[in-house]
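**Q** Curious how this folds, go ahead:
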Amino acid sequence: MDYGTKNLTIVITGGTSGIGRACAEFLASEGAKVFILARHEKKVKNCTFIKCDVTKRIDVKNAMAKVVKVTGSIDILINSAGVYAEQMLERSTDKDYDLLMDTNVKGTVLTIQYALKYMDKGNIVNVASDAGIRGNYGCALYSATKGAVVALTRSLALDLAPNIRVNCVCPADVDTPLLQKQCKAGHYTYADVASVYPLQRVAKAEEIAHVICSVASPGNGFMTGSIIPVTGGL
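**A** Numbers count the residues shown, from 1 in each chain. Just a heads-up that it's a prediction; the model follows:
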(Lines give C-alpha, C1' and ligand atoms only; values in the text may rest on other atoms or scores of the structure.)
Protein backbone atom coordinates (compact mmCIF):
# COMPACT_ATOMS: atom_id res chain seq x y z
CA MET A 1 0.00 0.00 0.00
CA ASP A 2 1.05 3.60 -0.54
CA TYR A 3 -0.50 5.75 2.17
CA GLY A 4 1.47 8.83 1.18
CA THR A 5 3.17 9.15 4.55
CA LYS A 6 6.82 8.97 3.49
CA ASN A 7 8.98 11.22 5.68
CA LEU A 8 6.01 12.21 7.88
CA THR A 9 6.39 12.03 11.66
CA ILE A 10 3.87 9.61 13.16
CA VAL A 11 3.29 8.85 16.83
CA ILE A 12 1.45 5.63 17.68
CA THR A 13 0.38 4.74 21.21
CA GLY A 14 0.14 1.05 22.04
CA GLY A 15 2.29 0.34 19.01
CA THR A 16 4.15 -2.71 20.29
CA SER A 17 1.36 -5.23 19.70
CA GLY A 18 -1.93 -5.84 17.92
CA ILE A 19 -3.47 -3.10 15.81
CA GLY A 20 -0.95 -0.45 16.81
CA ARG A 21 1.99 -2.62 15.84
CA ALA A 22 0.45 -3.45 12.48
CA CYS A 23 -0.03 0.28 11.83
CA ALA A 24 3.59 0.96 12.78
CA GLU A 25 4.88 -1.74 10.45
CA PHE A 26 2.79 -0.54 7.52
CA LEU A 27 3.80 3.10 7.88
CA ALA A 28 7.46 2.51 8.68
CA SER A 29 7.76 0.27 5.61
CA GLU A 30 6.90 3.19 3.34
CA GLY A 31 9.38 5.56 4.93
CA ALA A 32 7.44 7.36 7.65
CA LYS A 33 9.29 8.35 10.82
CA VAL A 34 7.35 6.23 13.32
CA PHE A 35 7.58 6.65 17.09
CA ILE A 36 5.92 4.06 19.33
CA LEU A 37 4.75 5.01 22.80
CA ALA A 38 4.16 2.09 25.16
CA ARG A 39 4.93 0.88 28.67
CA HIS A 40 6.98 -2.16 27.66
CA GLU A 41 9.53 -2.17 24.88
CA LYS A 42 9.25 -4.57 21.97
CA LYS A 43 11.30 -4.08 18.83
CA VAL A 44 9.37 -3.00 15.76
CA LYS A 45 11.45 -2.72 12.59
CA ASN A 46 12.38 0.83 11.59
CA CYS A 47 10.44 2.35 14.50
CA THR A 48 11.68 4.31 17.52
CA PHE A 49 10.40 3.18 20.91
CA ILE A 50 9.72 5.67 23.72
CA LYS A 51 8.73 4.32 27.11
CA CYS A 52 5.47 5.99 28.13
CA ASP A 53 2.47 5.30 30.32
CA VAL A 54 -0.31 7.24 28.60
CA THR A 55 -2.22 7.60 31.88
CA LYS A 56 0.60 9.73 33.32
CA ARG A 57 0.76 13.34 32.22
CA ILE A 58 4.51 13.71 32.77
CA ASP A 59 5.23 10.60 30.70
CA VAL A 60 3.16 11.86 27.78
CA LYS A 61 4.61 15.37 27.98
CA ASN A 62 8.18 14.05 27.95
CA ALA A 63 7.50 11.50 25.21
CA MET A 64 6.11 14.09 22.80
CA ALA A 65 9.03 16.40 23.56
CA LYS A 66 11.47 13.58 22.72
CA VAL A 67 9.77 13.02 19.38
CA VAL A 68 9.93 16.67 18.45
CA LYS A 69 13.54 16.99 19.56
CA VAL A 70 14.35 14.59 16.71
CA THR A 71 11.84 15.64 14.05
CA GLY A 72 10.74 19.18 14.87
CA SER A 73 7.00 18.48 14.62
CA ILE A 74 4.31 15.79 14.62
CA ASP A 75 2.18 15.09 11.54
CA ILE A 76 -0.03 12.18 12.60
CA LEU A 77 -1.13 10.77 15.96
CA ILE A 78 -2.70 7.31 16.14
CA ASN A 79 -4.22 6.51 19.53
CA SER A 80 -4.25 2.73 19.69
CA ALA A 81 -3.42 2.16 23.37
CA GLY A 82 -6.34 0.68 25.26
CA VAL A 83 -7.54 -1.97 27.68
CA TYR A 84 -10.60 -4.23 27.69
CA ALA A 85 -12.45 -5.79 30.59
CA GLU A 86 -15.69 -7.74 30.82
CA GLN A 87 -17.61 -7.12 34.02
CA MET A 88 -21.25 -6.63 34.87
CA LEU A 89 -21.71 -3.09 36.14
CA GLU A 90 -23.12 -4.17 39.50
CA ARG A 91 -19.88 -6.07 40.19
CA SER A 92 -17.51 -3.38 38.92
CA THR A 93 -15.11 -1.80 41.40
CA ASP A 94 -13.33 1.53 41.61
CA LYS A 95 -10.23 -0.27 40.40
CA ASP A 96 -12.06 -1.51 37.28
CA TYR A 97 -13.40 1.99 36.62
CA ASP A 98 -10.03 3.69 37.08
CA LEU A 99 -8.17 1.23 34.83
CA LEU A 100 -10.63 1.58 31.94
CA MET A 101 -11.24 5.31 32.21
CA ASP A 102 -7.61 6.26 32.80
CA THR A 103 -6.26 4.22 29.91
CA ASN A 104 -8.99 4.55 27.30
CA VAL A 105 -10.19 8.09 27.96
CA LYS A 106 -7.58 9.99 29.96
CA GLY A 107 -4.76 8.43 27.94
CA THR A 108 -6.37 9.55 24.69
CA VAL A 109 -6.98 13.06 26.03
CA LEU A 110 -3.40 13.46 27.29
CA THR A 111 -1.73 12.28 24.09
CA ILE A 112 -3.87 14.62 22.01
CA GLN A 113 -3.21 17.55 24.35
CA TYR A 114 0.54 17.22 24.10
CA ALA A 115 0.71 16.23 20.42
CA LEU A 116 -1.29 19.34 19.51
CA LYS A 117 1.50 21.52 20.88
CA TYR A 118 3.61 20.32 17.95
CA MET A 119 1.01 19.92 15.20
CA ASP A 120 0.39 22.84 12.85
CA LYS A 121 -1.39 20.62 10.33
CA GLY A 122 -1.99 16.90 10.14
CA ASN A 123 -4.43 14.50 11.65
CA ILE A 124 -5.40 12.34 14.58
CA VAL A 125 -6.93 8.87 14.37
CA ASN A 126 -8.47 7.47 17.54
CA VAL A 127 -9.19 3.76 17.90
CA ALA A 128 -12.43 3.06 19.75
CA SER A 129 -14.71 0.03 19.35
CA ASP A 130 -18.03 -1.00 17.87
CA ALA A 131 -19.11 -1.25 21.53
CA GLY A 132 -18.65 2.50 21.77
CA ILE A 133 -21.28 2.95 19.06
CA ARG A 134 -23.89 0.31 19.82
CA GLY A 135 -22.95 -1.06 23.24
CA ASN A 136 -22.37 -4.72 24.05
CA TYR A 137 -23.22 -7.35 26.63
CA GLY A 138 -21.22 -7.58 29.84
CA CYS A 139 -18.90 -4.63 29.29
CA ALA A 140 -20.84 -1.47 30.11
CA LEU A 141 -17.84 0.38 31.55
CA TYR A 142 -15.64 -0.48 28.57
CA SER A 143 -18.40 0.59 26.18
CA ALA A 144 -18.72 3.87 28.07
CA THR A 145 -15.00 4.61 27.66
CA LYS A 146 -15.09 3.94 23.94
CA GLY A 147 -18.29 5.96 23.58
CA ALA A 148 -16.39 8.82 25.21
CA VAL A 149 -13.64 8.49 22.59
CA VAL A 150 -16.26 8.62 19.83
CA ALA A 151 -17.78 11.81 21.27
CA LEU A 152 -14.34 13.33 21.84
CA THR A 153 -13.49 12.68 18.20
CA ARG A 154 -16.60 14.40 16.89
CA SER A 155 -16.08 17.46 19.09
CA LEU A 156 -12.36 17.82 18.38
CA ALA A 157 -13.01 17.55 14.64
CA LEU A 158 -15.02 20.76 14.99
CA ASP A 159 -12.58 22.50 17.32
CA LEU A 160 -9.44 21.71 15.33
CA ALA A 161 -10.71 22.30 11.79
CA PRO A 162 -9.55 23.31 9.26
CA ASN A 163 -5.89 22.47 9.91
CA ILE A 164 -6.14 19.20 11.85
CA ARG A 165 -8.44 16.32 10.98
CA VAL A 166 -9.77 13.99 13.69
CA ASN A 167 -11.40 10.63 12.93
CA CYS A 168 -12.18 7.43 14.80
CA VAL A 169 -11.99 3.78 13.70
CA CYS A 170 -14.24 1.38 15.62
CA PRO A 171 -13.32 -2.27 15.14
CA ALA A 172 -15.18 -5.30 16.44
CA ASP A 173 -13.21 -8.36 17.65
CA VAL A 174 -9.65 -8.54 16.34
CA ASP A 175 -7.11 -11.35 16.55
CA THR A 176 -4.73 -9.74 19.04
CA PRO A 177 -3.21 -10.65 22.43
CA LEU A 178 -6.07 -8.65 23.94
CA LEU A 179 -8.66 -11.00 22.44
CA GLN A 180 -6.66 -14.05 23.50
CA LYS A 181 -6.68 -12.76 27.08
CA GLN A 182 -10.40 -12.00 26.81
CA CYS A 183 -11.23 -15.53 25.63
CA LYS A 184 -9.18 -17.10 28.39
CA ALA A 185 -10.83 -14.97 31.08
CA GLY A 186 -14.32 -15.62 29.73
CA HIS A 187 -13.78 -19.38 29.11
CA TYR A 188 -14.78 -19.25 25.46
CA THR A 189 -13.00 -19.81 22.14
CA TYR A 190 -12.25 -17.89 18.95
CA ALA A 191 -14.85 -20.08 17.26
CA ASP A 192 -17.46 -18.89 19.78
CA VAL A 193 -16.58 -15.27 19.04
CA ALA A 194 -16.48 -15.79 15.27
CA SER A 195 -19.89 -17.45 15.20
CA VAL A 196 -21.78 -14.17 15.72
CA TYR A 197 -20.25 -12.50 12.66
CA PRO A 198 -21.72 -12.77 9.16
CA LEU A 199 -18.14 -13.22 7.87
CA GLN A 200 -17.74 -16.07 10.40
CA ARG A 201 -14.38 -14.92 11.70
CA VAL A 202 -12.72 -12.17 13.70
CA ALA A 203 -10.63 -9.48 12.03
CA LYS A 204 -6.90 -9.61 11.47
CA ALA A 205 -4.92 -6.79 13.05
CA GLU A 206 -3.57 -5.91 9.61
CA GLU A 207 -7.10 -5.43 8.24
CA ILE A 208 -7.94 -2.86 10.92
CA ALA A 209 -4.53 -1.22 10.56
CA HIS A 210 -5.14 -0.79 6.83
CA VAL A 211 -8.32 1.17 7.55
CA ILE A 212 -6.55 3.33 10.15
CA CYS A 213 -3.62 4.07 7.84
CA SER A 214 -6.00 4.90 5.00
CA VAL A 215 -7.90 7.35 7.22
CA ALA A 216 -4.60 8.88 8.36
CA SER A 217 -3.36 9.21 4.78
CA PRO A 218 -3.10 12.72 3.29
CA GLY A 219 -5.11 11.25 0.43
CA ASN A 220 -8.15 11.30 2.73
CA GLY A 221 -7.82 15.03 3.31
CA PHE A 222 -11.57 15.72 3.22
CA MET A 223 -12.44 13.25 5.98
CA THR A 224 -12.88 14.58 9.49
CA GLY A 225 -15.30 13.88 12.31
CA SER A 226 -15.99 10.44 10.83
CA ILE A 227 -16.69 7.39 12.96
CA ILE A 228 -15.79 4.30 10.93
CA PRO A 229 -17.07 0.91 12.10
CA VAL A 230 -15.15 -2.17 10.88
CA THR A 231 -17.28 -5.03 12.14
CA GLY A 232 -17.43 -7.92 9.69
CA GLY A 233 -21.11 -7.22 9.14
CA LEU A 234 -22.01 -7.40 12.83
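**Q** top strand in the chain by residue count?
**A** When secondary structure is assigned using DSSP state E, the longest strand within the chain turns out to be strand 164-171.
**Q** if you average pLDDT over the helix or strand following that one, what comes out?
**A** Remark: after strand 164-171, the chain's next helix or strand is strand 174-175, criterion DSSP states H and E. For strand 174-175, the per-residue pLDDT values average out at 88.
**Q** After strand 174-175, which helix or strand is next?
**A** Downstream of strand 174-175, the first helix or strand assigned by DSSP H and E is helix 177-186.
**Q** helices or strands up against that following helix?
**A** helix 190-194 (3 or more C-beta pairs under 8 Å, 6 or more residues apart in numbering; DSSP states H and E). The C-beta positions use only the backbone N, C-alpha and C, and glycine is treated the same way.
**Q** shouldn't residue 216 be in contact with residue 4?
**A** No - Residue 216 is not in contact with residue 4 according to C-beta atoms under 8 Å; the separation is 9.5 Å.
**Q** Of these two, which one has the most company?
**A** Legend: neighbour count by other C-beta atoms under 10 Å for residue 216 and residue 4, higher for residue 216 (30 against 15).
**Q** quick one: that one from residue 159, how far?
**A** Using C-beta to C-beta, to the nearest Å, one gets 19 Å for the distance from residue 216 to residue 159.
**Q** before we move on, what about residue 129?
**A** In this view, residue 129 and residue 159 are 23 Å apart by C-beta to C-beta.
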